[in-house]
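Participant: here is a sequence with its predicted model. Questions after.
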Amino acid sequence: MSSFITPSRQAITSFSRFLLILTVFGLLFGCSSDKVKEDPYKGWSAKDFYVEAKNDLRLAEFESAIKKLETLEARHPFSSYAKQAQLDVAYAYYKFEEPDSAISAIKRFIRLHPRNKHIDYAIYLKGLANFYRGAGLFDGWFPRNLAEHDSKNLRQAMKDFNHLIRRYPKSIYAPDAYLRSIYLHNKLAESEIVAAKYYMLREAWIAAINRAQNVIKYYQKSPARNDALDIMIMAYDKLGMNKLADDTRKIKAMNPAVKIEAVPEEKIEELAQRKALETPKI
């Protein structure tokens, strides 16, 4: 007879039950721990979320503010604070240097509340977010040369500011938007000149002319206008297109007093400081 003792069925059953109990307790404890870990806002009211998020914004804790504002709307979508959170989160994303997320939040706010009295602020903030979008993000208005960066976002920013000016001419944000629009208008014209000079150095005369013509066509009132005409004259001369060169000289001579728009020097520092205003109370 073998010396190995086979456990009784009762012993096996008792041991299995013991393991089952341990497993159940382990799962319950684990779930309880996970629940506590995943939900630090248990029992928070909409007001709690809003007050704490505003405090985070005041302290420039933008990531924490974003989390609280988004959780507020998810848990209390019909509260009086939810609509405010939708606008505040756009501002928080903007200040957190996440312009794409800011713009998405702004578009959503405008889509959900097209008649809200603060749509003018939403459009203004969208213009700012587009302005700082892309290369050189949040490195200040004037230290970097915007003319040397991709102009797609700058064009969209100018459209946003012009949209605000046309739709809400009496808005408190309209004067600031107007100055920024002029500034962008001139920088976009300058970007065409930068490209035209690049082509001139490489003797790509036709490409240089096309860029200079863009200034005449789209940015007639910018300081870059005369530079564009000079580039066209030089390029036409290089190509032997003497009549076109002479005609361009006549155009320049006949229009010496074209009104040039520029941001007044005394406003430059003011613009540089006013990157964004806090969201208004809805």
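Facilitator: Sure, I can see it.

Participant: just checking, what packs against the helix or strand encompassing residue 179?
Facilitator: Assigned by DSSP states H and E, residue 179 belongs to helix 174-201. Judged by 3 or more C-beta pairs under 8 Å, 6 or more residues apart in numbering; DSSP states H and E, the packing partners of helix 174-201 are helix 119-131, helix 152-167, helix 205-218, helix 225-239, helix 265-273. In short, each C-beta sits where N, CA and C put it, glycine included.

Participant: tell me which of those helices sits most buried.
Facilitator: helix 119-131 (a mean of 24; mean count of other C-beta atoms under 10 Å).

Participant: as CSV, could you dump the C-alpha coordinates of that helix?
Facilitator: The C-alpha coordinates for helix 119-131 follow below in CSV (Å, rounded to 0.1, in the frame of the first residue of the first chain):
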residue,chain,number,x,y,z
ILE,A,119,-19.9,85.0,-27.4
ASP,A,120,-17.8,88.0,-28.1
TYR,A,121,-15.3,86.9,-25.4
ALA,A,122,-15.3,83.3,-26.9
ILE,A,123,-14.4,84.7,-30.3
TYR,A,124,-11.7,86.9,-28.9
LEU,A,125,-10.2,84.0,-26.9
LYS,A,126,-10.2,81.9,-30.1
GLY,A,127,-8.3,84.6,-31.9
LEU,A,128,-5.7,84.7,-29.1
ALA,A,129,-5.4,80.9,-29.2
ASN,A,130,-4.8,80.8,-32.9
PHE,A,131,-2.3,83.6,-32.6
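
Participant: so who does residue 85 touch?
Facilitator: By C-beta atoms under 8 Å, 6 or more residues apart in numbering, the contact set of residue 85 is 49, 50, 53, 69, 70, 72, 73.

Participant: my read is that residue 212 contacts residue 228, right?
Facilitator: Yes - between residue 212 and residue 228 there is a contact under C-beta atoms under 8 Å: 4.0 Å.

Participant: find residues that contact each of the two.
Facilitator: 192, 193, 196.

Participant: as a markdown table, those with neighbour count would be great.
Facilitator: Listed next are those as a markdown table, based on neighbours: other C-beta atoms under 10 Å:
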| residue | neighbour count |
| --- | --- |
| 192 | 26 |
| 193 | 24 |
| 196 | 26 |
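
Participant: hang on, the earlier thing: return the set of buried residues in the helix holding residue 179.
Facilitator: 174, 176-193, 195-196, 199-200 (16 or more other C-beta atoms under 10 Å).

Participant: where's residue 105, which helix or strand?
Facilitator: Assessed by DSSP H and E, residue 105 sits inside helix 99-112.

Participant: okay, that helix in CSV with CA atoms only?
Facilitator: Once non-C-alpha atoms are left out, helix 99-112 reads as follows in CSV (Å, rounded to 0.1, in the frame of the first residue of the first chain):
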residue,chain,number,x,y,z
PRO,A,99,-4.3,76.1,-28.0
ASP,A,100,-5.8,73.2,-29.9
SER,A,101,-7.8,72.0,-26.9
ALA,A,102,-8.7,75.6,-26.1
ILE,A,103,-10.1,76.2,-29.6
SER,A,104,-12.1,72.9,-29.5
ALA,A,105,-13.6,74.0,-26.2
ILE,A,106,-14.4,77.4,-27.6
LYS,A,107,-16.1,76.0,-30.7
ARG,A,108,-18.1,73.7,-28.5
PHE,A,109,-19.3,76.6,-26.2
ILE,A,110,-20.3,78.6,-29.3
ARG,A,111,-22.2,75.6,-30.8
LEU,A,112,-24.1,74.9,-27.5
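
Participant: done for today, thanks.
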